[in-house]
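[1] Provided below for reference: sequence and predicted model.
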Amino acid sequence: MENKGLDIAHAKERLLDAALGHVTFDGWSETTFRAAAEEAGVAPELARLICPRGALDLAVGYHMWGDAAMRDRLKEADLAGQRFRDRVARAVRLRLEAGDREIVRRGAALFALPQNAPAGASLVWGTADAIWTALGDTSDDINWYSKRATLSAVYSAVVLFWLGDESEGNAATWEFLDRRIEDVMRIEKFKAQMRDAPVLGRVLEGPLRVLGRIRAPSGAPDDLPGRVTDEEKA
């Protein structure tokens, strides 16, 4: 196999493209990784250098590709006049539609393994961050974290529901998504009412003052959920 002058990013794309034809049958496994390297014309040693964790790195790459596809489709979507909750729902729907159900199912099984759970959680947080950022979120305080944490939970639940959905056009999934977002809106409304209540407002004054000092991360610190490592960018 000829690897001279091979661009690392391009080689990883070739590996991922080749792997997708095997994931449905062999999952994100070592078998898939080796078959992808052979079909992509990438020497095993170079493939391992590009993806030290083997198929896990390819699964991470596939998830990140889905985030990028969602961002591109969201730019083309007409969101004018829509309520913000509807814009969030649209973004989540576009993110799900960017992936192949069986490939995502195999990825869910991979990231459910204890040793891979941190990587999976990081990716879900990254998806939530991608959605909020694409929708123009400008929060720079505790809300930056709470928005992404809440959407991460919603997205995770919707993905699991979608994987088992057999309704026509995934209608049941979109209804489930709307209900989850409605639940979030009720919680936010309740929180606002509690803050505005005279007695509770005084009780919460101290904690809220402390929380008000929290700021969104600057420069993507290494320990932030959803942080994309240099290794994953390669």
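    Nice, thanks for sending it over.
[2] just the helices in this structure please.
    8-26, 30-40, 44-50, 55-76, 84-97, 101-111, 117-134, 142-163, 171-196, 198-203, 205-211, 230-233 (DSSP state H).
[3] what bits of this structure have low per-residue confidence?
    Counting by pLDDT under 70, the chain shows low-confidence ranges at 1-6, 187-215, 218-234.
[4] and Pro217, which of the helices of the chain is closest to it?
    Among those, helix 142-163 comes nearest to Pro217, with 7.9 Å by C-beta to C-beta. C-beta here means a position set from N, CA and C on the backbone, and glycine is covered the same way.
[5] about what we covered before: dump the helices of the chain into a markdown table; add mean neighbour count as well.
    A markdown table is the format used below for those (neighbours: other C-beta atoms under 10 Å):
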| stretch | mean neighbour count |
| --- | --- |
| helix 8-26 | 17 |
| helix 30-40 | 19 |
| helix 44-50 | 16 |
| helix 55-76 | 19 |
| helix 84-97 | 19 |
| helix 101-111 | 18 |
| helix 117-134 | 20 |
| helix 142-163 | 18 |
| helix 171-196 | 14 |
| helix 198-203 | 10 |
| helix 205-211 | 10 |
| helix 230-233 | 12 |
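[6] Now tabulate those in JSON lines and tack on distance to Pro217.
    Converted to JSON lines, the helices of the chain look like this (distance: least, C-beta to C-beta, whole Å):
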{"stretch": "helix 8-26", "distance to Pro217": "26"}
{"stretch": "helix 30-40", "distance to Pro217": "33"}
{"stretch": "helix 44-50", "distance to Pro217": "28"}
{"stretch": "helix 55-76", "distance to Pro217": "18"}
{"stretch": "helix 84-97", "distance to Pro217": "21"}
{"stretch": "helix 101-111", "distance to Pro217": "23"}
{"stretch": "helix 117-134", "distance to Pro217": "10"}
{"stretch": "helix 142-163", "distance to Pro217": "8"}
{"stretch": "helix 171-196", "distance to Pro217": "22"}
{"stretch": "helix 198-203", "distance to Pro217": "29"}
{"stretch": "helix 205-211", "distance to Pro217": "16"}
{"stretch": "helix 230-233", "distance to Pro217": "17"}
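[7] nearest spatial neighbour of Ala47, skipping sequence neighbours?
    Leaving aside its chain neighbours, Ala47 sits nearest to Ala37 (3.9 Å; criterion: C-beta to C-beta, 6 or more residues apart in numbering).
[8] so the one you found touches Ile50, yeah?
    No. Using C-beta atoms under 8 Å as the test, Ala37 is too far from Ile50 to be in contact (9.2 Å).
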